[in-house]
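Trainee: Model the following, please.
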Amino acid sequence: MKQPTNLEKFYSWLAGIIDGDGNFDIRNNSFNQPVLKTIRIKLHNRDIRILTHIQNYLHMGRIRNNKHKPYSIYDISTKKDMYNLINNLNGLIRIKVDSFKKACQLYNIEFIEPDYNIKPYDTYFSGLVDTDGSIVFNFNSNRIECNVEFKYNNSTSKLSLDNVIPFYKPYVLYRTHSLKKTNKLYKSIAFKFQTVKGMILLYNYFMKNRLYSDFKFYRVTQIKKFIEIRDYKSSNFNTIEYKIYSDFLLDWIQYKNPLWTKVPFINKLRIK
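Mentor: The predicted structure follows:
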């Protein structure tokens, strides 16, 4: 099987980033004709390294900080750069398909239908996790999990992550939500990698396809260490074993997380 090049890996990862927190901003101009105004990615300042990595790799676009909110925006707005980016992403965008198709039409680019069955070790998944994913600790089950969740629609319903981490198939969950302001219902689809045996496979995937969200990547890098001390949870509260277990979790939840004190299981740890 032919191994993807570094360039192919980058654009597959970038497609995951855009499918997570990007958009193709199409608007009508003064002649009431649709135009692609910009290709934009908006992320929390904590994850700005993702944006600088993209900018440094592509050598195009600009990053703007929102002075009033903790967010930064990376955007590409010149026609030449947008044309080149659309060509390189063609066949890789799977969730923001409707707007991407329109962007292709505006640039007379023939749209390539993507493969929704994500291949083993495809970097597309790391892009999704960098943006829409979460690395969380399940205290009751004593394991580190990885979850991604999207609004359920025609595109996300076709997405399959069964093979992206070899030998680790996610649990797929469908949920119904209610918008607080309007009480309007909408559905979501979540992919949950949540088994004890799968933790090392999760670790291996992200060591091969690293995350550029430092917060999430740090949590992943600690999986191996956690496996070594995981059984200490069953130790007596006053033992050195349980203190080691508590110290690990405290460090894990505190890293770049100002809300760590609100974590539900914090009162079950031996902090002093």
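Trainee: Buried residues of stretch 17-35, list them for me.
Mentor: For stretch 17-35, burial by neighbour count (16 or more other CB atoms under 10 Å) applies to Ile17, Ile18, Asp19, Gly20, Asp21, Gly22, Phe24, Ile26. Quick note: C-beta positions are derived from backbone N, CA and C, even for glycine.
Trainee: got a markdown table for these, with pLDDT, secondary structure and distance to Asp122 too?
Mentor: Output for the buried residues of stretch 17-35, formatted as a markdown table (pLDDT from 0 to 100; DSSP: H, G, I helix; E, B strand; the rest coil; distance: CB to CB, whole Å):
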| residue | pLDDT | secondary structure | distance to Asp122 |
| --- | --- | --- | --- |
| Ile17 | 98 | helix | 13 |
| Ile18 | 98 | helix | 15 |
| Asp19 | 98 | helix | 13 |
| Gly20 | 97 | helix | 15 |
| Asp21 | 96 | helix | 19 |
| Gly22 | 97 | strand | 18 |
| Phe24 | 97 | strand | 22 |
| Ile26 | 95 | strand | 27 |
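Trainee: Closest one of the residues you listed to Lys101?
Mentor: Phe24 (9.3 Å; CB to CB).
Trainee: Could I get the pLDDT score of the closest residue in space to that closest one that isn't next to it in sequence?
Mentor: Nearest residue to Phe24, sequence neighbours excluded (CB to CB, 6 or more residues apart in numbering): Ser99, at 4.1 Å. At Ser99, the model reports a pLDDT of 96.
Trainee: Now Ser99. Its backbone dihedrals?
Mentor: Per-residue torsions, Ser99: phi -70, psi -30 (degrees, to the nearest 10).
Trainee: Report the separation between it and Thr176.
Mentor: Between Ser99 and Thr176 the distance is 25 Å, computed by CB to CB, to the nearest Å.
Trainee: Looking at the two, which has the bigger crowd around it?
Mentor: A count of neighbours by other CB atoms under 10 Å puts Ser99 above the other of Ser99 and Thr176, at 16 against 9.
Trainee: measure the nearest residue to Ala190 once chain neighbours are set aside to Gln33 for me?
Mentor: Nearest residue to Ala190, sequence neighbours excluded (CB to CB, 6+ apart): Glu149, at 4.0 Å. Remark: distance between Glu149 and Gln33 (CB to CB) = 36 Å.
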